[in-house]
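K.L.:
Sharing a model prediction with you, sequence too.
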Amino acid sequence: MLNTRSKKRILITGASGTVGSAIATHFRDREWEVFAVSNGGKIPVVGVTAMEKDLLIPGSGEELVEATKPQLLINCAADQSVYPLYKPELAGKTLDQVSSAMLRLNLIAPLELLTAACRSGTKVAINISSVEAIRARPGHALYGASKAALESLTRSAALELAPMRVLTIRLGLISRPGIESAWPEGVNAWNEMVPLKRMGEGVEVARVIESIASDDFQWATGTTIELDGGANSAPGW
């Protein structure tokens with residue numbers, strides 16, 4: 001087992017991505033002991049404990065929690081693949097293969113991590129969801145459904161795993177290097193649609209996590225917090 005006794009400990013899955021790495025950086029700078037998990041992706045943060053784990057494998061979440069004993073768990077890993085439903089074969093895979101893998105990573109792995117965290121004494125667990133849980137986009141049906149299920153899981157877990165607090169943050173579009181050139185139509189549509197007229201930043205997600213994980217919010221559990229520039233107030237994009 002890793003030496004996890006000197007600082008407050010946070011376990012972050014999906015830490016090689018934009019949001020996960022921003023969370024890792026933020027809590028490292030606040031002198032937490034950060035355990036940053038990826039599945040082969042490079043974690044662009046120094047001063048953290050990088051861990052590699054394939055969450056598609058049953059039991060992998062329990063192994064992570066047992067090794068780190070986190071006080072704060074962030075379920076950030078996700079499969080965001082685009083699969084148009086009208087195609088009988090999706091990227092060379094059947095619908096059953098695609099949906100099984102996505103639900104395993106986006107829903108079952110967080111469930112496994114949540115239950116293991118509760119048993120280990122974790123105080124707060126936060127799931128990262130998406131506006132696509134409530135807003136449909138072509139090709140994103142499976143992803144959106146998995147995130148809607150994750151939000152439902154948050155409510156059930158808050159009920160059954162108390163006193164561990166379980167919350168969700170539902171994110172809008174988050175900026176990353178090169179996104180404007182790689183997906184100009186999506187970025188432009190988003191910026192036109194949301195009241196605040198911009199994408200979010202990973203550090204803004206990290207700041208919200210720090211706030212709701214603190215004792216200032218110790219009566220909050222089972223809820224989903226929208227962090228989307230006002231997307232839920234807009235007519236659509």
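P.N.:
Received it, and whenever you're ready, just let me know what you need.

K.L.:
hey, let's count contacts and neighbours off CA atoms from now on
P.N.:
Noted.

K.L.:
from what I can see, residue 11 looks like it's in a strand, true?
P.N.:
Yes: assessed with DSSP: H, G, I helix; E, B strand; the rest coil, residue 11 lies in a strand.

K.L.:
Identify the bridge partners of it.
P.N.:
Residue 11 forms beta bridges with residue 35, residue 73, as assigned by DSSP bridges.

K.L.:
what's the weakest-modelled helix or strand in the protein?
P.N.:
strand 89-90 (a mean of 64; mean pLDDT, DSSP states H and E).

K.L.:
mind listing what the spatially most central residue of the chain touches?
P.N.:
In the chain, the residue lying closest to the centroid (CA atoms, centre = their mean) is residue 76, at 2.3 Å. Contacts here follow CA atoms under 8 Å, 6 or more residues apart in numbering; on that basis residue 76 touches 12, 13, 14, 15, 19, 20, 127, 128.

K.L.:
Report the separation between it and residue 167.
P.N.:
Per CA to CA, to the nearest Å, residue 76 is found 13 Å from residue 167.

K.L.:
residues shared between the contacts of these two?
P.N.:
Joint contacts of residue 76 and residue 167 (CA under 8 Å, 6+ apart) are residue 127.

K.L.:
Show me what secondary structure element comes after the least confident helix or strand of the chain.
P.N.:
As assigned by DSSP states H and E, the chain's next helix or strand after strand 89-90 is strand 93-94.

K.L.:
Please compute how far that next one lies from its chain's middle.
P.N.:
25 Å (CA atoms, centre = their mean, to the nearest Å).

K.L.:
State whether residue 170 is indeed within a strand.
P.N.:
Yes: counting by three-state DSSP, residue 170 is part of a strand.

K.L.:
Please tell me how far it sits from residue 79.
P.N.:
16 Å.

K.L.:
For those two, work out which one has more neighbours and name it.
P.N.:
The neighbour comparison of residue 170 against residue 79 (other CA atoms under 10 Å) goes to residue 170, with 22 against 15.

K.L.:
My guess is the more buried one contacts residue 227. True?
P.N.:
Yes: between residue 170 and residue 227 there is a contact at 5.9 Å, judged by CA atoms under 8 Å.

K.L.:
just checking, what packs against the host helix or strand of residue 111?
P.N.:
Residue 111 belongs to helix 109-120 when assigned by DSSP H and E. Here helix 109-120 touches helix 60-68, strand 72-75, going by 3 or more CA pairs under 8 Å, 6 or more residues apart in numbering; DSSP states H and E.

K.L.:
what's in contact with the shortest one?
P.N.:
Contacts to strand 72-75, defined as CA under 8 Å, 6+ apart, come from residues 9-14, 110, 114, 117, 122-128, 213.

K.L.:
Give me the buried subset of the residues you listed.
P.N.:
Among the contacts of strand 72-75, those classed as buried by 16 or more other CA atoms under 10 Å are 9-14, 110, 114, 117, 122-128, 213.

K.L.:
quick one: buried residues of the helix ranked longest in the chain?
P.N.:
Secondary structure of the chain read by DSSP state H shows that its longest helix is helix 141-160. For helix 141-160, burial by neighbour count (16+ other CA under 10 Å) applies to 141-151, 153-155, 157-158.
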